[in-house]
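>>> Quick check, what structure comes out for this input:
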Amino acid sequence: MKSISELSKEEILSGEIFEEILNELDKAKRADLISNLKLKAKDLGVKGIFEEKLNTYKEIDRETKRQYKGGISFNSATSDSCIADVLQLLDYKVEYDNDGNEKSRKLQQTVKNFEIIMDNDTRFAGKIKFDEFSRQEYLIGKVPWENETCDRAWGSHDDASLYSIIQTDYGVKNRNDYFDAIKNVSMRNRFHPVRDILDILEWDGEDHIRSLLPEYLGVENTEYSYQVMRLWMLGAVARVYEPGCKFDYTMIFQGKQGIGKSTFLKLLALNDNWFNDSLDSLDSDKAAQSLMGSWIVELAELKSLVRTAGGVESVKRFLTAQQDKYRVPYERRADIFLRQCVFAGTTNKSDFLQDETGNRRFLIIQTGINEPAKSLFVPQAIEDMKAAWAQAVHIWKTEQPELLLPDSCRDEARRLQDESMADDGKVGLITQFLEDKQRTCVLEIWREALERGDTPKKWESSEIMDIVLSIPGWGKMKNSTTFGKYGKQKGLQKFNQVSTKCQPSATNSLENGDFSEDSCQKTEDGFMSLDDFSQEELPFE
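Just a heads-up that it's a prediction; the model follows:
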């Protein structure tokens, strides 16, 4: 160390000076050294800062010894030097006397000071990150409270350990400020693990997507199976690079058990943490929250489709949603989370589709048609998956294709969907029941056509409604109506009655769909019969 008389303002406040004091074991010599340094600090006008730092270093020394006795150890000299440097960056409230000399200095208890410490203390600077994919804080690197280098989600233990260190080493103590600082610091160190992996994959120019399904799942090598796999992988890539983009399709692997359908999807996720096969139902906030951090979501044996209380309408809404809104536990308000995942179903049943109106969203791939040429249980499998992803990323970045099934494949898609329709007899019973009806309601159909004595659940009501609306000429009544013993209900009405007596009024045109009520013949129920009225189905896309 330099002679005390030669020390500058910066040098007397450096970590080396305080380390020199703490390393002096002779108590008398240490006291003499401190006394002389205080006199020099007073001459330099920084006595208050010097004394505050000295007290902090003494506390650090005591804490370091305590941690050492408790089995926790780290490089004291390195951390002490770092602490001294960071202390100079913090905000203080300084008071001066009448002569302009510093009288006192008090450390500010602010979020900003917590952030300065987290950003500059080398023990944890740059190691507190935010995973944009799983939407949570992440710890990457070596920290004093862990023996090994970390690469994992930030946890409560990390909060307790880091807060304790900052409180002890710097004297910043407000817990609410600490948690706000963690959020701010981590957000400045954002990363996206899936995107980062996809970005480093290089395509070799070969068509790897085309061979994946035939080689690993024994799928027939057709243009349809290739286009479905290509589209689905492009959808997965798009959801990573443009979260929340529109992608309505769910790929379904249909085939016997043991072929490796689930294993294939899990390998395709590239990381077990990005694969999710635990969705039990699709009609709760819990289902939406479970998508966080998932890239490939398997609807295993399509159980979640059956267990969804809201029926087919809830399934449609969930699978085609582009975002979810919910409040994360312990947060003050609900946030919007853009979807970053795609869905794939697996089943060994041949009749698994329940609703005709939403079937276009399900692209069915029949597995096990041929014997798979390659095993999913060798290292080469994951390499083939990466090669296919590299191709998909290249296509997405260079072509930005529409995420739609090509027109040339729609007939095959429709054929497979029709073959997979479940027939539980409801359609036939309801169709027959409606033959002599002009209007009805769900409860009447439930009790009289299906001969059920209880009350239908919400999803069962939705299923009945969908069946009726799929029958040509039937539609919803605008207002609720009384249906005898069933009371006031939302009604369904047959609109295909023909009456030549219904003519456009003199003041309205047929093209505008405006009719004079007086010119139309009414049914015995009080409804007008409309000529040439038909209910049109929306286009395929």
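
>>> can you give me the strands for the stretch 301-450 of the chain?
323-326, 335-338, 342-347, 362-366, 439-441 (DSSP state E, counting those that start in this stretch).

>>> Make TSV out of those and add mean neighbour count, mean pLDDT and distance to residue 313.
Using the backbone N, CA and C atoms, a C-beta is placed for each residue, glycine as well. Formatted as TSV, the strands of the stretch 301-450 of the chain follow (neighbours: other CB atoms under 10 Å; pLDDT from 0 to 100; distance: least, CB to CB, whole Å):
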stretch	mean neighbour count	mean pLDDT	distance to residue 313
strand 323-326	14	90	17
strand 335-338	12	93	22
strand 342-347	24	94	17
strand 362-366	23	95	15
strand 439-441	22	95	17
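
>>> For residue 486, which of these is the nearest?
Closest approach to residue 486 among those (CB to CB): strand 439-441, 6.0 Å.

>>> in its sheet, what does that closest one sit against?
Strand pairing for strand 439-441, using DSSP bridges, gives strand 491-494 (antiparallel).

>>> So which residues make contact with the strand it pairs with?
For strand 491-494, contacts defined as CB atoms under 8 Å, 6 or more residues apart in numbering pick out 434, 437-442, 465, 468-469, 473-477, 479-481, 483, 527.

>>> Over to stretch 363-380?
So stretch 363-380 is in contact with 213-220, 225, 228-229, 231-232, 249-256, 259-261, 263-264, 267, 381, 384, 405, 413, 416-417, 420, going by CB under 8 Å, 6+ apart.

>>> Buried ones from those, can you make that a PyMOL selection?
Buried residues among these (16 or more other CB atoms under 10 Å), as a PyMOL selection:
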select buried, resi 213+214+215+216+217+218+219+225+228+229+231+232+249+250+251+252+253+254+255+259+260+261+264+267+381+384+405+413+416+417+420
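
>>> looking at the strands of the stretch 301-450 of the chain, which is closest to residue 33?
Between these, strand 335-338 lies closest to residue 33; by CB to CB that is 55.4 Å.

>>> Report all helices and strands that the closest one contacts.
Applying 3 or more CB pairs under 8 Å, 6 or more residues apart in numbering; DSSP states H and E, we find strand 335-338 packed against strand 323-326.

>>> Quick one: list the elements packing against the strand it packs on.
Using 3+ CB pairs under 8 Å, 6+ apart: strand 323-326 touches helix 285-289, strand 335-338.

>>> Quick one: the ones you listed as JSON lines, columns for distance to residue 17 too.
Conversion of the helices and strands packed on strand 323-326 to JSON lines gives the following (distance: least, CB to CB, whole Å):
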{"stretch": "helix 285-289", "distance to residue 17": "52"}
{"stretch": "strand 335-338", "distance to residue 17": "48"}
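
>>> who wins for proximity to residue 171 among those?
Closest approach to residue 171 among the helices and strands packed on strand 323-326 is made by strand 335-338 (33.7 Å; CB to CB).

>>> can you list the weak-confidence ranges in the stretch 151-300 of the chain?
Residues of the stretch 151-300 of the chain that meet the criterion pLDDT under 70 lie in 283-284.

>>> In stretch 179-186, which residues are buried?
Within stretch 179-186, the residues that qualify as buried are 181-182, 184-186, counting by 16+ other CB under 10 Å.

>>> Do me a favour and get the end-to-end distance for stretch 211-231?
Length of stretch 211-231, first residue to last, CA to CA, to the nearest Å: 14 Å.

>>> Please tell me how far the residue most central in space within the chain sits from residue 132.
In the chain, the residue lying closest to the centroid (CA atoms, centre = their mean) is residue 292, at 3.0 Å. Separation of residue 292 from residue 132 (CB to CB, to the nearest Å) stands at 11 Å.

>>> Just the ones of the contacts of stretch 363-380 in strands?
Judged by DSSP state E, the contacts of stretch 363-380 include 250-254 as members of strands.

>>> Could I get the full set of helices for the stretch 151-300 of the chain?
For the stretch 151-300 of the chain, the helices defined by DSSP state H, counting those that start in this stretch cover 156-170, 175-187, 193-200, 208-217, 223-241, 261-268, 285-289.

>>> Just put these in TSV and tack on distance to residue 140.
Shown next, in TSV, are these (distance: least, CB to CB, whole Å):
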stretch	distance to residue 140
helix 156-170	12
helix 175-187	11
helix 193-200	10
helix 208-217	31
helix 223-241	20
helix 261-268	24
helix 285-289	24
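
>>> Give me the number of neighbouring residues for residue 456.
Counted by other CB atoms under 10 Å, the residues lying close to residue 456 total 18.

>>> got a list of what the closest residue to it other than its chain neighbours touches?
Sequence neighbours aside, residue 446 is the residue nearest to residue 456 in space, at 4.8 Å (criterion: CB to CB, 6 or more residues apart in numbering). By CB under 8 Å, 6+ apart, residue 446 lies in contact with 452, 455-456, 460-461, 464.

>>> Okay, residue 446 and residue 433: tell me how far apart.
Distance from residue 446 to residue 433, by CB to CB: 11 Å.

>>> re earlier: list only buried entries from the contacts of strand 491-494.
Buried among the contacts of strand 491-494 (16+ other CB under 10 Å): 434, 439-442, 465, 468, 474-475, 477, 481, 483, 527.

>>> returning to what we had before: show me the one of the helices and strands packed on strand 323-326 that comes nearest residue 86.
When the helices and strands packed on strand 323-326 are compared by CB to CB, strand 335-338 sits nearest residue 86, at 32.5 Å.

>>> List the contacts of the closest one.
135, 243-244, 288, 292, 322-328.

>>> Would you reformat these as JSON lines and include distance to residue 142?
JSON lines is the format used below for these (distance: CB to CB, whole Å):
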{"residue": "135", "distance to residue 142": "25"}
{"residue": "243", "distance to residue 142": "31"}
{"residue": "244", "distance to residue 142": "36"}
{"residue": "288", "distance to residue 142": "36"}
{"residue": "292", "distance to residue 142": "27"}
{"residue": "322", "distance to residue 142": "39"}
{"residue": "323", "distance to residue 142": "37"}
{"residue": "324", "distance to residue 142": "36"}
{"residue": "325", "distance to residue 142": "38"}
{"residue": "326", "distance to residue 142": "35"}
{"residue": "327", "distance to residue 142": "35"}
{"residue": "328", "distance to residue 142": "29"}
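
>>> Tell me the one of the residues you listed nearest residue 107?
Lowest distance from residue 107 to the contacts of strand 335-338 (CB to CB) belongs to residue 328, with 32.3 Å.

>>> ok, residue 389 touching residue 237?
Yes. Counting by CB atoms under 8 Å, residue 237 is a contact partner of residue 389 at 7.4 Å.

>>> Now the common contact residues for the two.
Shared contacts of residue 389 and residue 237 (CB under 8 Å, 6+ apart): residue 198.

>>> Please flag which of the contacts of strand 491-494 sit within helices.
442, 465, 468-469 (DSSP state H).

>>> could you dump those residues to JSON lines with pLDDT?
Formatted as JSON lines, the ones in helices among the contacts of strand 491-494 follow (pLDDT from 0 to 100):
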{"residue": "442", "pLDDT": "96"}
{"residue": "465", "pLDDT": "89"}
{"residue": "468", "pLDDT": "92"}
{"residue": "469", "pLDDT": "90"}
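
>>> tell me the secondary structure for residue 106?
What DSSP: H, G, I helix; E, B strand; the rest coil gives for residue 106 is strand.

>>> What separation do you get for the closest residue to it other than its chain neighbours and residue 190?
Leaving aside its chain neighbours, residue 106 sits nearest to residue 93 (4.7 Å; criterion: CB to CB, 6+ apart). Look at residue 93 and residue 190: by CB to CB, they are 33 Å apart.

>>> With respect to residue 37, which of the strands of the stretch 301-450 of the chain lies nearest?
strand 335-338 (52.3 Å).

>>> can you give me how far the closest one is from the chain middle?
Here the centre of strand 335-338 is set off from its chain's centre by 8 Å, with CA atoms, centre = their mean, to the nearest Å.

>>> Might one say that residue 272 is in contact with residue 265?
No. Counting by CB under 8 Å, residue 272 stays clear of residue 265, with 11.5 Å between them.

>>> And for the residue nearest to residue 106, the neighbour number?
So residue 93, with other CB under 10 Å, has 10 neighbours.

>>> No more questions from me, cheers.
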